[in-house]
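Participant: here is a sequence together with a model predicted from it:
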Amino acid sequence: MSKQTMRGARMLLVAVTALGVSTPVWARQDMAMKHGEMSQHEEGPTRLRSGLFKGLAHETSGSASVYQLPDGRRVLRLEELHTSNGPDLHVYLVEGDAASDDAAIKAGRFVSLGALKGNIGNQNYELPADLDLDRYRSVSIWCKRFGVNFAAAPLPASSGEAS
């Protein structure tokens, strides 16, 4: 990697930090590894589950992954999300494999992670400590106002996960 590219990445990290935007631990570790500033042995997050969004009521792309952080907390990370801007959008973890099945959501078989933080880009949602990932195996971007499922992503176990 060129010195100019490394300098640019460091300047971006400094600028993001100066703006008060929190850079996820794994993003900082990934940048540091790319620049040879961190050994392969430092502990980072472990991806437990991951899937791609499928647009339902609205065209949507991106991925959803569940990570376990070194301190034991788990987060749902949406990456490269791109969906329509809608009113009252929320992120739900839904029972079963198919969040595209509106019946589970309408029956209340979901856990709300809160309002969607943005319709474009990366974002994190902390998961409840007692959440059973074997029960809630899909994610939905749901419009509460109109009862519409914008998009869904399955969350199958990543290879190597102990079930």
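Facilitator: Nice, thanks for sending it over.
Participant: which strands and helices sit next to whichever strand or helix holds residue 91?
Facilitator: Using DSSP states H and E, residue 91 maps to strand 89-94. Judged by 3 or more C-beta pairs under 8 Å, 6 or more residues apart in numbering; DSSP states H and E, strand 89-94 is in contact with strand 74-82, helix 102-106, strand 110-115, strand 138-143. From N, CA and C alone the C-beta is placed, and that goes for glycine too.
Participant: can we see that at 6 Å?
Facilitator: Strand 89-94 makes packing contacts with strand 110-115, strand 138-143 when contacts are defined by 3 or more C-beta pairs under 6 Å, 6 or more residues apart in numbering; DSSP states H and E.
Participant: give me the contact list for stretch 87-103.
Facilitator: With contacts defined as C-beta atoms under 6 Å, 6 or more residues apart in numbering, stretch 87-103 is touched by 56, 104, 109-113, 115-116, 125, 135-145, 149, 152, 154.
Participant: which among the residues you listed end up buried?
Facilitator: Using 16 or more other C-beta atoms under 10 Å as the burial test, those include 56, 104, 110, 113, 116, 125, 136-143, 149, 152, 154 as buried.
Participant: quick one, what contacts the residue positioned nearest the centre of the chain?
Facilitator: Note on the chain: the residue nearest the mean C-alpha position is residue 77, at 1.5 Å, using C-alpha atoms, centre = their mean. If a contact means C-beta under 6 Å, 6+ apart, then residue 77 has 65, 67, 124 as its contacts.
Participant: possible to save the residues you listed as a markdown table with neighbour count and pLDDT?
Facilitator: Listed next are these as a markdown table, based on neighbours: other C-beta atoms under 10 Å; pLDDT from 0 to 100:
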| residue | neighbour count | pLDDT |
| --- | --- | --- |
| 65 | 19 | 97 |
| 67 | 22 | 97 |
| 124 | 15 | 98 |
